[in-house]
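Undergrad: Next comes the sequence, and after it the predicted model I'd like to discuss.
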Amino acid sequence: MTARWIGRQAILLLVGLGLAVVVFGGENFLERIFIDFRFSVLASSRVQRHFSDQIAIIRLDRLSESALGVPFGTTWRQFYPVFVRKLCAMGAAVIVFDSMFLDQEPQWDRALAAAFTDAGNVIAGEDGSRPTPPPLRESFLSIGTLTITPLGGKPRYVVTLTGGQSPIQPLSLVAVEEYAKRTGNDSSEWYRRIPGFWINYREPPEYFPAFSFIDILNAEGGRLGDAARTPQSILANRLVFVGLDDPTSRSDRFIFPNTFGQEYPGVYGHAYAADTILKARPVIRASAFGDGGAALLFILVLLIVLKFRKRILRIVLISFLPIGAFVACLLSLSELDLWLGYAPIFISFWIVLFLHRTLSQVSLARSLRKAVGFDPRLIEAFRREGARTGGQVRKDVAILIADIRSYTRYVSRADPSIVSRVMAEYMQAMERCITVEGGYINKYVGDEIVAVFGFPLSADRCAERAVRAAISMLEGTARLVISWKSSNLPCFERIGIGIDAGSVVFAEVGGPTKSQFDIIGDCINGASRIENLTKDFEKGLLISEDANRALESVDSLAGSFELVKTVLVRGQGERRVFGLVRESSL
């Protein structure tokens, strides 16, 4: 592993982890989606396997309403005395009404209060808006608040210490305390030492035995009035929650975390909270350090996988990593009741993948520019143009070819380290001269530079820009020579540049594993032949007649070149070659 690779992975890790934990750490909408999905998976895997032996639910449902012929409301108080007496006869330890008794019904309240007082185990709720009026208030064993702290519209958290803000504890806590007194269950003491707890929804709603209100009223002969004729003993020594089950009521129905989006009556929230206390199995929310540590471990594994050489193996493992992380978080919730944040893991996964791909593309672009001498984006421009023209792209361009004089002799006499330094400074300076004028380097052939002015970059004034770049290259080389000599560095002293203009074909050439963006045409050969002539005529810059003709309308360059000679260029016939009039001034 190189230091550069390690540094890049460290950047990916820190940026990915930082963004994920800062933006998606703690409680947020995405994390709630993931924890709900985990609870739903756990609950669905446990359907009908076992049932609670401590809690049962009685539903005030439409079936009971239809059987009684009385709309649900305060008028149902006429049925509650018989209902409570039957539950007590069945052995119910504590009866908890998930409802308020704020409105008075004088014709039934006296009998109801007497029934509650005789039972001595009935608990009701309040919402804090106003107290339950006497004589019903005195008939309850206790009263608790109906509110469970919602997050994302779902009851999730129970506050256990009111801090003097309210004398009423949550309904589930009040119910469990009374249930513990009657059954000797002391496992509920743990919650007194913490400010609150997360409700554990690992069991499905079917975990709680649930019966209709009318099933209890119709119970006889030791059995309930349900279709299964369930033995009444099923309610013995249980904490029985009684709540409304009206599908049309939007205020008391919830999509609980473990129901895959299905709504259930609000009474189930109290049942789950009580079950969490009785089992002493609250969900433990991992700290920010815990979430960060889990995400850190995941990113480290991801970075290792990204280093694998086999592409298929890398893709398969990357695809399964988020699933594996989710399974790990699921097991921690199932076996340890530990809620590890999956949102930071999930987000860091995509952030790191995005950053890795971006950095890889940048790195590839840099390596390609250094390896083949052109920006890979130019290939994309060529491919887009080729798609419109049937695969062949023909354009008018100007070609510049520069070569170092006596380069072979220079290399044979100078120290390789000196040559490397001198050539690096030379190539960098020449590239700047070319790119400033809107050209690009097509390739390096040893010490030779092949540059293109025109497609796929700007096609305006190609020859003019090539000439300006060539003059700048000659001037730049002269300055470099002065600098090298002042530093006592052995160096070459002159370069030769040839320029030709004309029509060329752009093509992507190569084999199945490696290809290169290249140009084919007479002006490529022409520029090469003209560059070779700079040696014969001892000129630093020669241009073709086509290139010179393009300069006639340019005031600053018109007349700068003069005819040197008409020469015979192999494969092209006679060509008129022009050189700078005052080249010695460069």
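TA: Thanks, I have the structure now. Residues are numbered from 1 along each chain as shown.
Undergrad: Just the mean pLDDT for the lengthiest strand in the chain, thanks.
TA: Longest among the strand segments of the chain by residue count, using DSSP state E, is strand 495-510. With pLDDT averaged residue by residue, strand 495-510 scores 84.
Undergrad: can you give me the offset of that strand from its chain's centre?
TA: With Cα atoms, centre = their mean, to the nearest Å as the basis, strand 495-510 stands 46 Å off its chain's centre.
Undergrad: Now do that strand: which elements does it pack against?
TA: helix 377-389, strand 393-404, helix 462-486, strand 515-520, helix 522-537, strand 541-544, helix 545-549 (3 or more Cβ pairs under 8 Å, 6 or more residues apart in numbering; DSSP states H and E). (Each C-beta comes from the backbone N, C-alpha and C, glycine too.)
Undergrad: Pick out the shakiest of these, pLDDT-wise.
TA: For those, where the average pLDDT is lowest is helix 377-389, sitting at a mean of 65.
Undergrad: show me the contacts for the spatially closest residue to Gly91 that is not a sequence neighbour.
TA: Distances taken as Cβ to Cβ, 6 or more residues apart in numbering place Ala236 nearest to Gly91, at 3.3 Å, with adjacent residues excluded. When contacts are counted by Cβ atoms under 8 Å, 6 or more residues apart in numbering, Ala236 touches Met90, Gly91, Ala92.
Undergrad: Out of these, grab the one that's most surrounded.
TA: Neighbour tally across those (other Cβ atoms under 10 Å): the maximum, 24 neighbours, falls on Ala92.
Undergrad: so which strand or helix has the closest residue to that residue other than its chain neighbours?
TA: In this structure, Ala92 finds its nearest non-sequential neighbour in Val240, 4.6 Å apart by Cβ to Cβ, 6+ apart. Following DSSP states H and E, the helix or strand that holds Val240 is strand 239-245.
Undergrad: What's the mean pLDDT across that strand?
TA: 95.
Undergrad: mind exporting that strand as PDB, just the C-alpha atoms?
TA: Provided in PDB are the C-alpha atoms of strand 239-245 (Å, rounded to 0.1, in the frame of the first residue of the first chain):
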ATOM      1  CA  LEU A 239     -52.500  -7.300  33.500                       C
ATOM      2  CA  VAL A 240     -55.500  -6.600  31.300                       C
ATOM      3  CA  PHE A 241     -55.600  -3.500  29.100                       C
ATOM      4  CA  VAL A 242     -58.900  -2.200  27.800                       C
ATOM      5  CA  GLY A 243     -58.900   0.100  24.800                       C
ATOM      6  CA  LEU A 244     -60.900   1.400  21.900                       C
ATOM      7  CA  ASP A 245     -60.500  -0.500  18.600                       C
END
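Undergrad: Please name every helix or strand in contact with it.
TA: Using 3+ Cβ pairs under 8 Å, 6+ apart, strand 239-245 is in contact with strand 55-61, strand 94-97, helix 171-183, strand 263-265, helix 267-279.
Undergrad: Go through these and name the closest to Asn488.
TA: helix 267-279 (83.3 Å; Cβ to Cβ).
Undergrad: Give the next helix or strand downstream of that closest one.
TA: Next element after helix 267-279 (DSSP H and E): strand 284-285.
Undergrad: Downstream of the worst-scoring helix or strand of the chain on mean pLDDT, the next helix or strand is which one?
TA: For the chain, counting by mean pLDDT, DSSP states H and E, helix 3-24 ranks last in confidence among helices and strands (a mean of 54). Toward the C-terminal end, the helix or strand that comes next after helix 3-24 (DSSP H and E) is helix 29-44.
Undergrad: that older thread, among the helices and strands packed on strand 495-510, which is nearest Asp415?
TA: So among the helices and strands packed on strand 495-510, helix 462-486 is nearest, using Cβ to Cβ, at 13.2 Å.
Undergrad: Mind checking the helices and strands packed on strand 239-245 for the one nearest to Arg576?
TA: strand 263-265 (89.6 Å).
Undergrad: buried stuff in the closest one?
TA: Residues Tyr264, Pro265 are the ones in strand 263-265 that count as buried (16 or more other Cβ atoms under 10 Å).
Undergrad: Remind me what it packs against, helices and strands.
TA: strand 239-245, strand 253-255.
Undergrad: For the ones you listed, give me JSON lines that also has mean neighbour count and distance to Pro344.
TA: Shown next, in JSON lines, are those (neighbours: other Cβ atoms under 10 Å; distance: least, Cβ to Cβ, whole Å):
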{"stretch": "strand 239-245", "mean neighbour count": "25", "distance to Pro344": "36"}
{"stretch": "strand 253-255", "mean neighbour count": "17", "distance to Pro344": "24"}
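Undergrad: Including distance to Phe289, could the ones you listed go into CSV?
TA: As requested, the helices and strands packed on strand 263-265 are arranged in CSV below (distance: least, Cβ to Cβ, whole Å):
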stretch, distance to Phe289
strand 239-245, 37
strand 253-255, 31
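Undergrad: Flag the shaky bits of the stretch 1-150 of the chain, pLDDT-wise.
TA: Applying pLDDT under 70 to the stretch 1-150 of the chain flags residues 1-26, 47-49.
Undergrad: So Phe51: helix, strand or coil?
TA: At Phe51, secondary structure determined by DSSP: H, G, I helix; E, B strand; the rest coil is coil.
Undergrad: ok, it - contacts?
TA: Glu206, Tyr207, Phe208, Pro209.
Undergrad: Report the separation between the first one and Asp252.
TA: Summarising the geometry, the distance separating Glu206 from Asp252, computed by Cβ to Cβ, to the nearest Å, is 20 Å.
Undergrad: Between those two, which is the more surrounded one?
TA: Ranked by neighbour count (other Cβ under 10 Å), Glu206 and Asp252 place Asp252 first, with 16 against 13.
Undergrad: Distance check, the more buried one against Arg59.
TA: In this view, Asp252 and Arg59 are 12 Å apart by Cβ to Cβ.
Undergrad: which residues do these two both contact?
TA: Shared contacts of Asp252 and Arg59, counting by Cβ under 8 Å, 6+ apart, come down to Gly243, Leu244, Pro265.
Undergrad: what's the closest of those to Ile55?
TA: Gly243 (12.3 Å).
Undergrad: If we ignore the residues flanking it in sequence, what's nearest that closest one?
TA: Val267 (2.6 Å).
Undergrad: Now the host helix or strand of Val564: buried residues?
TA: Following DSSP H and E, one finds Val564 within strand 561-569. Of all the residues in strand 561-569, those buried under the rule 16+ other Cβ under 10 Å are Phe561, Val564, Val567, Val569.
Undergrad: So Val577, which state does it fall into?
TA: When the rule is three-state DSSP, Val577 gets the label strand.
Undergrad: Next, the contact list for it, please.
TA: Listed by Cβ under 8 Å, 6+ apart, the contact partners of Val577 are Ile530, Leu533, Phe537, Leu542, Ile543, Ser544, Glu545, Leu563, Val564, Lys565, Thr566, Val567.
Undergrad: In the sheet, which residues pair with it? Tell me.
TA: Ser544, Lys565 (DSSP bridges).
Undergrad: separation between it and Val564?
TA: Applying Cβ to Cβ to Val577 and Val564 gives a distance of 5 Å.
Undergrad: repeat for Ala274
TA: 102 Å.
Undergrad: Ok, Phe39 next?
TA: From Phe39 to Val564 the distance is 86 Å (Cβ to Cβ).
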